[in-house]
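In: Dropping a prediction and its sequence here:
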Amino acid sequence: MISIKEAYHKIMYNIEPLEGFRMTLSNSSGYFLSKDVISSINMPPFRQSAMDGFAIHIHDLESYQLIGEIKAGDNDHPILKPGEAIRIFTGAAVPDTANAVIMQEKVTVVDEGIVISGDINKGLNIRPLGEQIKSGETALKKGTLLTPAAIGFLASIGVTEVSVYKKPSIAIVTTGNELVAPGTHLQYGQIYESNAIMLVSAIQALGFSDYDTYKVEDNYENTYSLLQDVISKHDVVLITGGISVGDYDFVGKALKALDVNEIFYKVKQKPGKPLFFGNKNKTTIFALPGNPAAALNCFYIYVHTALQLLSGNSTFQLPKTEKKSTSTFTKKGDRPQFLKAVIKEESVTILDGQSSAMLQTFALANGLVFLPEEIMQVNIGDTVNVITLPN
């Protein structure tokens, strides 16, 4: 059994991003760049007016002769002599012979000319050629998340395709003879299966859409056959239940028989001690506890991190903070514990019902209070470590 810190470090060390591929910029939201993007143009590609006003060729007087107009998109190149001005609008190209743009609020139009009030400085209200980025410079670096702003920026420099890391394909495997689909009639001894839909929802909320769900009964041959198949087809395999050492727990036996490389099994934590992490070839494998709250806890702490690393987010860290507790809690045993909680602006409340089998409390939570091994008691007003959940 290893510590939480060791488990986290082993995940960070053993996962590399998936291969990159080219895709259209318009479909790239939520992906991470697998290559630097180099700008092929200056942005702006010409001297650009920062506002509506008048472009002028500065001279010693306050009055200027008005000789025309330039709108955004016009490709005229008028030549301004000293003392001449031209009406100009935001985003329009500033003539090379103009050396300032005066906002219209500081200009009075008189007959065929203008009179300017206030100081005039060279370069005023002119965006220089390549002010944002110059041709040949790196627009966005490898590993950058393609947000709406990033996509808009790349479109503004003419990019139509980008190289991104693949998002993983995910298999969700549930085990257990007692599990039946919601909507069917429960026989005595049966319970409704919830882990698959829970994990699918968690995966979708994180922006992953390539997944399949599978169910296998507590049978060694079927477990072996199914795991062999999904490991060969998917980048990530998530298994819930069957990882302990009971007579009808066959996941661990099947993984061993399939020569899956065990990186760790069992973490000193509550909930979620019987957590398995390993790999085979390029497939990452997690065997999560069968208890729903324990499975979801392990998903948020470990699987979430793995999915980010596989997708190219090499700087991902769980969102942690510190808050004042508004409740008390007494920990049993010496294992570090993750407690479902409600985070508010300056405080956090630890919820009742912390059993690893209970999801109702998790449904109300937006965070986890983490109690390290040495902390046995939380009192009102104590500062505690908090992990914000992504939902």
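Out: Yep, that arrived.
In: Contact partners for residue 129?
Out: Contacts here follow Cβ atoms under 8 Å, 6 or more residues apart in numbering; on that basis residue 129 touches 42, 44, 45, 46, 47. From N, CA and C alone the C-beta is placed, and that goes for glycine too.
In: and residue 382, what is it in contact with?
Out: When the contact criterion is Cβ under 8 Å, 6+ apart, the partners of residue 382 are 324, 325.
In: Need the phi and psi values for residue 350.
Out: The phi/psi pair for residue 350 (degrees, to the nearest 10) reads phi -80, psi 130.
In: Name whatever forms a beta bridge with it.
Out: residue 341 (DSSP bridges).
In: 17 is where my numbering starts, stick with that
Out: All set: I'll call the first residue 17, so the last point we hit is now residue 366.
In: That one touches residue 345, doesn't it?
Out: Yes: with contacts defined as Cβ atoms under 8 Å, residue 366 counts as touching residue 345 at a distance of 4.9 Å.
In: Overlap of the contact sets of these two?
Out: When contacts are counted by Cβ under 8 Å, 6+ apart, residue 366 and residue 345 have 355, 385, 394 as shared neighbours.
In: looking just at contacts, which helices and strands does the helix or strand hosting the first one meet?
Out: With elements taken from DSSP states H and E, the one containing residue 355 is strand 353-359. Packing partners of strand 353-359 (3 or more Cβ pairs under 8 Å, 6 or more residues apart in numbering; DSSP states H and E): strand 363-366, helix 376-380, strand 383-387, strand 399-404.
In: again, only using 6 Å
Out: Packing partners of strand 353-359 (3 or more Cβ pairs under 6 Å, 6 or more residues apart in numbering; DSSP states H and E): strand 363-366, strand 383-387.
In: So which of the ones you listed is nearest residue 91?
Out: Shortest distance between residue 91 and the helices and strands packed on strand 353-359, using Cβ to Cβ, is found for strand 383-387: 55.6 Å.
In: what does the next helix or strand after that closest one rub up against?
Out: Sequence order places strand 393-394 as the next helix or strand after strand 383-387, per DSSP H and E. With Cβ atoms under 6 Å, 6 or more residues apart in numbering as the contact definition, strand 393-394 has outside contacts at 341, 344, 345, 346.
In: so the first one sits right up against residue 401, yeah?
Out: No: because the distance of 10.6 Å does not satisfy Cβ atoms under 6 Å, residue 341 is recorded as not touching residue 401.
In: the more surrounded of the two?
Out: Relative neighbour count places residue 341 above the other of residue 341 and residue 401, with 21 against 15, counting by other Cβ atoms under 10 Å.
In: what sits opposite the more buried one in the beta ladder?
Out: Counting by DSSP bridges, residue 341 forms beta bridges with residue 364.
In: Check what pLDDT it gets.
Out: At residue 341 the predicted local confidence, pLDDT, stands at 97.
In: And residue 264, by the same measure?
Out: So, for residue 264, pLDDT stands at 61.
In: and if you look at the one 5 residues further on?
Out: Here the pLDDT value assigned to residue 269 is 92.
In: phi, psi of the nearest residue to residue 373 once chain neighbours are set aside?
Out: In space, residue 373 comes closest to residue 307 once its chain neighbours are excluded; the distance is 4.6 Å by Cβ to Cβ, 6 or more residues apart in numbering. Here is the backbone geometry of residue 307 (degrees, to the nearest 10): phi -60, psi 130.
In: now swap in residue 42 and tell me
Out: phi -70, psi -20.
In: what helix or strand is the residue nearest to it when sequence neighbours are not counted on?
Out: If you skip the residues right next to it in sequence, residue 42 has residue 167 as its closest partner in space, 7.7 Å away by Cβ to Cβ, 6+ apart. Using DSSP H and E, the secondary-structure element containing residue 167 is helix 164-172.
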